[in-house]
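Q: Quick check, what structure comes out for this input:
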Amino acid sequence: MTGGGTAPARTVAWSEGRWTTAPTAAVEEGTALVVTAKESSDAWRSTAYGFVHDTEHALVAPLEPGSAMEVAFTGDFSAEFDQAGVFVRVSDEEWTKAGVEFADGALQLGAVVTHRFSDWSVAPVPEWSGRRITVRISRAGDALTVRARSGEEPFRLVRLAYLDPDAVVEAGPMVCAPSRADLAVRFESWTLGPADSALH
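A: Predicted coordinates:
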C-alpha cells in the first residue's frame, strides 16, 4: 500500500466478500482466486446507450471512511469490453468501477462513475497487456481516489470522484465480459488498509 497512514494493510479473505452477481466459476488456486465471467455481464446505466446493465461480477466487502483497498490481477483481455478491476457500490444507482477494459482494439485504463447516470473515461495502455495490474481506491472525506499501475511501476492517478462521506459502501474485485463466455481473470491479492495521505 502506498501513501497511507501507519496502520498496516491486511489481506481480505475471498470468503469475506459477497457477489453482486455470481460468476460462472470462482476457484481458489493457492492464495489466488480465478473468476470466470458469464457472457453479457456488465455494469452501466443509461447514458448514450439507453440501457441499464447490473450483472457485473463483483466480490464486495465493507469499505469504511478513511480506508483504501487494492486488488491485483492478471488476465487475457482480448475481446471487446473484457474488463476487470475494482467495483465500489453504494446502491444500484450509485457506484464506480475502475480498472482495465479492452475497447476499440486496445487495452484501456479508466473508470465509470455512476450517480443515476454513468460516465466513462479511458486512456490506452497497450503496454500493460499480459502484465500484473493493481487497482487502488482510497476513500477520504467526500472523495474516492482511484490509482492503478502495471507491475511495480509507480501508481498513476486514474480518477478523483465524489463519494458521499456518510454512505455505506462496499468494494472489491470485479470482472465483466459483455461479449464472450470464457473470460477468466486471476485475482492475486485483495488488501485493505488506511486511506492515502494525499489526493495525487
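
Q: rest of the way, CA atoms for contacts and neighbours
A: Will do.

Q: what does the model give the residue most central in space within the chain for pLDDT?
A: What sits nearest the mean C-alpha location of the chain, by CA atoms, centre = their mean, is V86, with 1.3 Å. Looking at V86, its pLDDT stands at 98.

Q: Could you pull up the contacting residues of it?
A: A58, V71, K97, A98, G99, V135, R136, I137, A171, G172, P173, M174 (CA atoms under 8 Å, 6 or more residues apart in numbering).

Q: do that again at 6 Å, thanks
A: Listed by CA atoms under 6 Å, 6 or more residues apart in numbering, the contact partners of V86 are K97, A98, G172, P173, M174.

Q: Could you do L33 as well?
A: Contacts of L33 (CA under 6 Å, 6+ apart): V27, R186, F187.

Q: now, which of those residues lie within strands?
A: V27, R186, F187 (DSSP state E).

Q: okay, the residues you listed in CSV with neighbour count next?
A: Formatted as CSV, the ones in strands among the contacts of L33 follow (neighbours: other CA atoms under 10 Å):
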residue, neighbour count
V27, 11
R186, 21
F187, 27
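
Q: Need these in CSV (columns: distance to G110).
A: Shown next, in CSV, are the ones in strands among the contacts of L33 (distance: CA to CA, whole Å):
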residue, distance to G110
V27, 27
R186, 19
F187, 18
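
Q: Of these, just say which sits nearest to A167.
A: F187 (26.8 Å; CA to CA).

Q: Against S121, how distant is that closest one?
A: 23 Å (CA to CA, to the nearest Å).

Q: Burial check on the nearest residue to P124 once chain neighbours are set aside, number of neighbours?
A: Closest residue to P124 apart from its sequence neighbours, by CA to CA, 6 or more residues apart in numbering: Q108 at 4.3 Å. A count of nearby residues for Q108, using other CA atoms under 10 Å, gives 24.

Q: My reading is that Q108 lies in a strand. Confirm?
A: Yes: Q108: assigned to a strand according to DSSP: H, G, I helix; E, B strand; the rest coil.

Q: contacting residues around it?
A: Applying CA under 6 Å, 6+ apart to Q108 gives the contacts V100, E101, F102, V122, A123, P124, V125.
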